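Asker: test case, fold it:
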Amino acid sequence: MIQQLFSYMHQTINELEHEFNEPIGMDQELNLLEKYLTIKEMIEDISDELEQLIEKLKQFEKNHGLNLSANELTTKDTNEEVVIELDESDFLEFEKGIGFFDLWMYDRAIIHLEKIMDKYPDFNLARLYTSMTYFQKGDYLETKKQLKILFQNTDDPDLLSLGHNLLGMIYGKNEQYGQAINEFQQAVQYRYDWYEPRFNLAILYYRLGHFEDTILLLKEILKQKPLDWGIAYYLGKSYQKLNQDHHANEWFKKVYDMTKQSKMIQQIAISFEKRKQFQQAIYWFEKWRNLEPTRPEPLLSLSKNVWLSGDKAKAKTLIKKYFSAYQETPEALLLYAWILTDEGELNKLDSILSKLISNQLENLTKMDPFFLASLARLYTLHQYHHLSNDFINLLMRADNPHIQGLAHLIQGLIQLDQEKPDQALQHFLKTSSTGVHFPYFEFYLGYTHYLLGNTDEAKQCWAKLSVRKEH
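Answerer: Down below sits the predicted model:
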């Protein structure tokens, strides 16, 4: 039986390792990291509780000359300390429940814990484990029921903090964010020195877009756990959301120093790309490629940044190398189309555009909006106006105002190409009202004002561009 349990444990960790190595999107990556960190911290908390329990038991046995033939565990209610006396078989039953919980075998754990709860309803520590087990099984109603009983029967700050933290996670999963924040805050009040409720509160702030609050709280937690890369990772992501890429990079580099993980190199490289520091981005994308030479993403990103740095010949060599090793993905074809456009090789461009058109028409509504916008711009430059209009109309119909702003931006650029600055200005102003961040937007807006004779407005736009460049 013991060997089977350890085999299951190794299998579970191997599955988690496999999930981390799979190519996933950023939202999935964050969810996976959160899952890992939550499980990791819960196991650490359980281990700490067990160590304290064992020490208390040893001291009790020493004081009273007892051995494991009789076991006593203490729990508190609101008025007095209640002593729960367990015989040896019940003590082993409780240990089995915790053991199975520790190995994530929750169906097995609940069988043993329920037996203990039926016999010892005032055993608050067992009730907490029962609550946590129901939570892991996804039975949130039963979790709340067990926690309500626990709160009525204890004033132990440790148990109360763990219980409110558990309620916070339930409300968070159900998107009842106000109640989740309240529960996490109560958990922190009971035990401010505990890591998990504060970290959960910080992650909730992050999900709600309260990035300044996230940063403040995570920096406080970091004083307690200076080597926790999960904290540093979310600090980097929070600064990235605030468009403070310099600070984001500092934290991503710290995470990389701690973990040497390729995901961190990717984040650092992307951050340099966003800041148009293409030589720095190339350095980190090459580092990523050396770590994961069989993955297509590093080579494609490297090709893009080499092209953006101005080395067209090398970029074309790299993208051809990509096509010889991997499938012709829409992203790779689009990049190759831009490189050919930049070099004026129109004879090769028609076949690439044909592939993009034939592969993407059926999937327009599922495509990334920025990919759509780039396609619209490309097709307009090459006189595929009907397709450009299809792409732009899709963006215009989006519920998200930022995506609508992106559509107006592309429309403005098209009108500017067609020497219609008055119409371009209307679209650019709508883009500005949505808060879309786009490279050199102030330049295009200023240039449009300049063409219309609005010199003061043009200077104001270009002044913003100059200040941003300095930073």
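
Asker: any stretches of the stretch 51-200 of the chain with poor pLDDT?
Answerer: Low-confidence segments of the stretch 51-200 of the chain (pLDDT under 70): 51-86.

Asker: please, where are all the strands along it?
Answerer: With DSSP state E, counting those that start in this stretch as the criterion, the stretch 51-200 of the chain has strands at 70-76, 81-87.

Asker: now Leu167: closest residue in space that isn't a chain neighbour?
Answerer: Glu183 (4.3 Å; Cβ to Cβ, 6 or more residues apart in numbering). Any C-beta I mention is one placed from the backbone N, CA and C, and that applies to glycine too.

Asker: contacting residues for the one you found?
Answerer: Residues near Glu183 by Cβ atoms under 8 Å, 6 or more residues apart in numbering: 164-165, 167-168, 171.

Asker: show the contacting residues for Trp307.
Answerer: 315, 335, 338-339, 342.

Asker: go on, Phe285?
Answerer: 269, 298, 301-302, 305.

Asker: check what pLDDT it gets.
Answerer: Turning to Phe285, the model gives it a pLDDT of 90.

Asker: coming back round to it: turn the contacts of Glu183 into CSV, including distance to Leu128 and neighbour count.
Answerer: CSV is the format used below for the contacts of Glu183 (distance: Cβ to Cβ, whole Å; neighbours: other Cβ atoms under 10 Å):
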residue, distance to Leu128, neighbour count
His164, 11, 22
Asn165, 11, 27
Leu167, 12, 24
Gly168, 15, 26
Tyr171, 18, 20
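
Asker: return the member of the residues you listed nearest to Pro197.
Answerer: Nearest to Pro197 among those: Asn165, at 4.2 Å, using Cβ to Cβ.

Asker: of all the contacts of Trp307, the one with the weakest confidence?
Answerer: Asp342 (82).

Asker: please report how far it lies from Leu381.
Answerer: Counting by Cβ to Cβ, to the nearest Å, the gap from Asp342 to Leu381 is 11 Å.

Asker: the more surrounded of those two?
Answerer: Remark: of Asp342 and Leu381, Leu381 carries more neighbours, 16 against 13, as counted by other Cβ atoms under 10 Å.

Asker: confirm that Glu328 sits in a helix.
Answerer: No - applying DSSP: H, G, I helix; E, B strand; the rest coil, one finds Glu328 to be coil, outside a helix.

Asker: ok so, going back, what two of the contacts of Phe285 are the furthest from one another?
Answerer: Farthest apart among those by Cβ to Cβ are Pro298 and Asn305. That separation is 10.7 Å.

Asker: buried ones among the contacts of Trp307?
Answerer: 315, 335, 338-339 (16 or more other Cβ atoms under 10 Å).

Asker: picking that back up, so between Pro298 and Asn305, which is more surrounded?
Answerer: Higher neighbour count among Pro298 and Asn305: Asn305, with 27 against 23, using other Cβ under 10 Å.

Asker: who's in contact with the more buried one?
Answerer: When contacts are counted by Cβ under 8 Å, 6+ apart, Asn305 touches 269, 273, 278, 281-282, 285.

Asker: repeat that for 7 Å
Answerer: Contacts for Asn305 (Cβ atoms under 7 Å, 6 or more residues apart in numbering) come out as 273, 278, 281-282, 285.

Asker: pipe the contacts of Phe285 into CSV and attach secondary structure, distance to Leu356 and pLDDT per row.
Answerer: Formatted as CSV, the contacts of Phe285 follow (DSSP: H, G, I helix; E, B strand; the rest coil; distance: Cβ to Cβ, whole Å; pLDDT from 0 to 100):
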residue, secondary structure, distance to Leu356, pLDDT
Ala269, helix, 26, 85
Pro298, helix, 23, 92
Ser301, helix, 19, 92
Leu302, helix, 21, 93
Asn305, helix, 21, 92
